[in-house]
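Peer 1: using only what follows, build the 3D model:
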Amino acid sequence: METIIFDVDDTLYDQTLPFKKAFTQVIQEPFSDEKIDKVYIASRKYSDALFDEWEAGEVSTQQLHTYRITAACEEFGIGLSEQTAIAFQAAYYREQQRIQLFDAVEQLLDLLHQENKQLAVLTNGGEHHQRMKMDQLAIERWIPKEHIFISGALGHAKPKQEAFHFIEDKLKLDKAQTVYIGDSFDNDIVGAKQVGWKAIWLNHRHRKLPKSNVRSDATVFSAKELLDLFSTSIHWV
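Peer 2: As a prediction, this is how the structure comes out:
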């Protein structure tokens, strides 16, 4: 059976929107949208750098959250107190409860569901927090709860092969008929390709291709391009 598996953050929805709103509310620097985008990208870099330690329980969730925003802001000459970093995270969490799917992703999910494709989600993060997002996105309109896989519940995070192999076993996947879609080259594309899946890089942040022997099977630069890719050939996988 053809199976399409999605990442969540910055793949199903625009993760910068809640970040920008929280930044404007709490930090209140006179930054343009483009500059806040750069702060956001830096925050993801610092989040990824500490993720393994967080997953192992070596740092707390609050430490992860305060570190990633304070370190990102420091790159741009903004000094944040711990209190301000905590206030930012609270605002960010509130705005994440208002997220919406990319319009083109919603259309794509409708299309794939109508074509009886097997759909699933694989996302890194804490179980409660990620489920909150997926409830807000109403993802179970297309993807059953038992097809939603969260690293915090699995005990393994992307790009570790164990996370991908767990889904293979649960869903009885045919590697040649499985494609993973995500925005992170290192976590999503490398992770999927190392276990023999196909992979589509949704590079809507126009990040540079990392130095790697791994290549995606396709790269698109917007959710609309992703929809067009499948609309052109529904049997893409």
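Peer 1: in the longest helix along the chain, which of the residues would be classed as buried?
Peer 2: Identified as the longest helix of the chain according to DSSP state H is helix 33-55. For helix 33-55, burial by neighbour count (16 or more other Cβ atoms under 10 Å) applies to I36, V39, Y40, A42, S43, R44, Y46, S47, L50, F51, W54, E55. (C-beta placed from N, C-alpha, C; glycine too.)
Peer 1: ok, the fifth one touching T66?
Peer 2: No - with contact defined as Cβ atoms under 8 Å, S43 does not reach T66; the gap is 11.1 Å.
Peer 1: tilt between the strand or helix carrying I69 and helix 33-55?
Peer 2: Assigned by DSSP states H and E, I69 belongs to helix 61-75. Computed with axes from the mean of the first three to the mean of the last three Cα atoms, to 10 degrees, the direction of helix 61-75 lies at 140 degrees from that of helix 33-55.
Peer 1: pLDDT weak spots in this structure?
Peer 2: Scanning the chain for pLDDT under 70 picks out the ranges 233-237.
Peer 1: quick check, central residue of the protein?
Peer 2: D9 (2.7 Å; Cα atoms, centre = their mean).
Peer 1: hmm, who's touching the longest helix of the chain?
Peer 2: Here helix 33-55 makes contact (Cβ atoms under 8 Å, 6 or more residues apart in numbering) with 15-16, 19-20, 23-24, 31, 59-61, 63-64, 67-69, 71-73, 75-76, 124, 151-152, 157, 184, 186-187, 205, 207.
Peer 1: make a PyMOL selection of the buried ones in those residues.
Peer 2: The following PyMOL line selects those of the contacts of helix 33-55 that are buried, judged by 16+ other Cβ under 10 Å:
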select buried, resi 15+16+19+20+23+31+64+67+68+69+71+72+73+124+151+152+157+184+187
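Peer 1: for stretch 165-178, list every residue counted as buried.
Peer 2: Result for stretch 165-178 [16+ other Cβ under 10 Å]: buried residues F166, I167, E168, L171, L173, Q177, T178.
Peer 1: closest to A104 among the residues you listed?
Peer 2: Distance to A104 across these (Cβ to Cβ) is lowest for T178, with 21.7 Å.
Peer 1: is that closest one in contact with K198, as I believe?
Peer 2: Yes - taking Cβ under 8 Å as the definition, T178 is a contact partner of K198 at 6.7 Å.
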